[in-house]
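Asks: generate coordinates for the sequence data below:
(one chain, ligands or ions: 1)
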Amino acid sequence: MKYLEVTFTTHPCNETVNDVVSALAGDIGFESFVECEGGIQAYIQQALFNKEVLDEMISEFPIPNAKVEYTVKEAEDKNWNEEWEKNFFQPIVIGDRCCIHSTFHKDTPKTEYEILINPQMAFGTGHHETTSSIISELLDADLKDKSVLDMGCGTSILAILASMRGANPVTAIDIDDWCVNNSKDNIILNQINNITVELGDASLLKGRKPFDVIIANINRNILLADMPQYAACMHAGSELYMSGFYVQDIPVIREKAENLGMKFIHYREKNNWAAVKFIML
Ligand SMILES: C[S@@+](CC[C@H](N)C(=O)[O-])C[C@H]1O[C@@H](n2cnc3c(N)ncnc32)[C@H](O)[C@@H]1O
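Replies: Numbers count the residues shown, from 1 in each chain. Below you'll find the model as predicted:
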């Protein structure tokens, strides 16, 4: 999948302005943010990029006297992650119970769950706040013999942990073929045999049997658009865990879920990223 790299130059270039740029850009489909000199670099799937919406975000920027400019270029679609993985992907331990690391990491901490991930181009090493918050939810959840759907599976890190925690069967879906291929590799690497990986989006859910648990770490707008299709695949008592949005987006996500017949249970927060849990009534 092709990504665009958008460099936002901010004036003044400070944490407040840069945080607001990231939050607003996250709302319109941008996926990852890296601080750079003079501002922020952000990545978005080419298919989701809409110049008019971005221009509107900038012209209605809510901080008085702040100015934001941007440039766009195509992100290289090979070997980003290979470099990043070698140089920056360090083993991570979540909740003292789950260690995520790559095959080239040696002497990693011994924990109850050990997940091997070779992420290549796919999102999901456990380092992002949204992934680690959902991992913490899954570590608390009773998944034994539950059917689980992981929407927007990325590396399938969440599907793999669900399976390790007793979920069966597990379905992992992603719209990106890199993620589907990477998921298949990671599933074999972890010797898991009950995860089915599919390429596509929420339209694949039409007519499926309900899942006991649905996980979706994507972004605010896709979740809002796809929640009716998730709800159609839930029964009374099914749990829905979602992340990929900010704490300030919780009310709109909650209203949508409640209109679809779900009860809000709680949320977690990490660096302003939110993870929420709902149960279908
Ligand atoms: C934030 S990443 C999460 C990856 C992984 N689940 C995790 O928690 O680390 C979001 C993933 O959703 C996928 N995605 C984006 N839009 C989607 C859609 N409409 N349906 C399914 N997957 C989607 C992206 O390709 C990406 O892999």
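
Asks: mind listing the helices for the protein?
Replies: Here the chain has its helices, by DSSP state H, at 15-27, 51-59, 80-88, 129-140, 157-164, 177-189, 220-231, 250-259.

Asks: as TSV, those with mean pLDDT would be great.
Replies: Formatted as TSV, the helices of the chain follow (pLDDT from 0 to 100):
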stretch	mean pLDDT
helix 15-27	90
helix 51-59	95
helix 80-88	56
helix 129-140	96
helix 157-164	98
helix 177-189	93
helix 220-231	96
helix 250-259	98
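
Asks: residue 188 versus residue 181, what's the distance?
Replies: Distance of residue 181 to residue 188, given as C-beta to C-beta, to the nearest Å: 11 Å. Glycine gets a C-beta too; all of them are placed from N, C-alpha and C.

Asks: who has more neighbours, the two?
Replies: Counted by other C-beta atoms under 10 Å, residue 181 and residue 188 do not tie: residue 181 has more neighbours, with 16 against 11.

Asks: wait, what's in contact with the more buried one?
Replies: Listed by C-beta atoms under 8 Å, 6 or more residues apart in numbering, the contact set of residue 181 is empty.

Asks: what does the chain put close to the ligand?
Replies: 122-124, 130-131, 134, 151-154, 157-158, 173-176, 179, 201-202, 217-218, 222, 244 (C-beta under 6 Å from any ligand atom).

Asks: just name the most buried of the helices of the chain.
Replies: helix 157-164 (a mean of 27; mean count of other C-beta atoms under 10 Å).

Asks: got the domain ranges for the chain?
Replies: With domains defined by automatic domain parsing, the chain comprises 3-74, 80-280.

Asks: quick check, distance from the shortest one to the centre of its chain.
Replies: On the basis of C-alpha atoms, centre = their mean, to the nearest Å, the separation between the geometric centre of domain 3-74 and that of its chain is 19 Å.

Asks: one more: stretch 115-134?
Replies: Centre to centre, stretch against its chain (C-alpha atoms, centre = their mean), the figure for stretch 115-134 is 8 Å.

Asks: between the two ends of it, what distance do you get?
Replies: Its start and end residues considered, stretch 115-134 measures 15 Å (C-alpha to C-alpha, to the nearest Å).

Asks: with stretch 124-144 instead?
Replies: 23 Å.

Asks: pull the residues that contact it.
Replies: Contacts of stretch 124-144 (C-beta under 8 Å, 6+ apart): 32, 89, 92, 94-95, 97-98, 100, 113, 115, 117, 119, 123, 153-158, 161-162, 165-167, 213, 215, 217, 239, 241, 243-244, 268-271, 273-275, 277.

Asks: average pLDDT for stretch 240-249?
Replies: On average, the pLDDT along stretch 240-249 is 95.

Asks: show me what contacts the residue most central in space within the chain?
Replies: With distances taken as C-alpha atoms, centre = their mean, residue 217 lies nearest the centre of the chain, 3.5 Å away. Shown in contact with residue 217 (C-beta under 8 Å, 6+ apart): 130-131, 134, 152, 154, 158, 242-244, 275.

Asks: sheet partners, orientation included, of the longest strand anywhere in the chain?
Replies: If you go by DSSP state E, the chain has its longest strand at strand 234-246. Using DSSP bridges, strand 234-246 pairs in its sheet with strand 211-217 (parallel), strand 273-280 (antiparallel).

Asks: could you export those strands as JSON lines, including mean pLDDT?
Replies: JSON lines is the format used below for the strands paired with strand 234-246 (pLDDT from 0 to 100):
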{"stretch": "strand 211-217", "mean pLDDT": "98"}
{"stretch": "strand 273-280", "mean pLDDT": "97"}
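
Asks: single out the most deeply packed of those strands.
Replies: strand 211-217 (a mean of 24).
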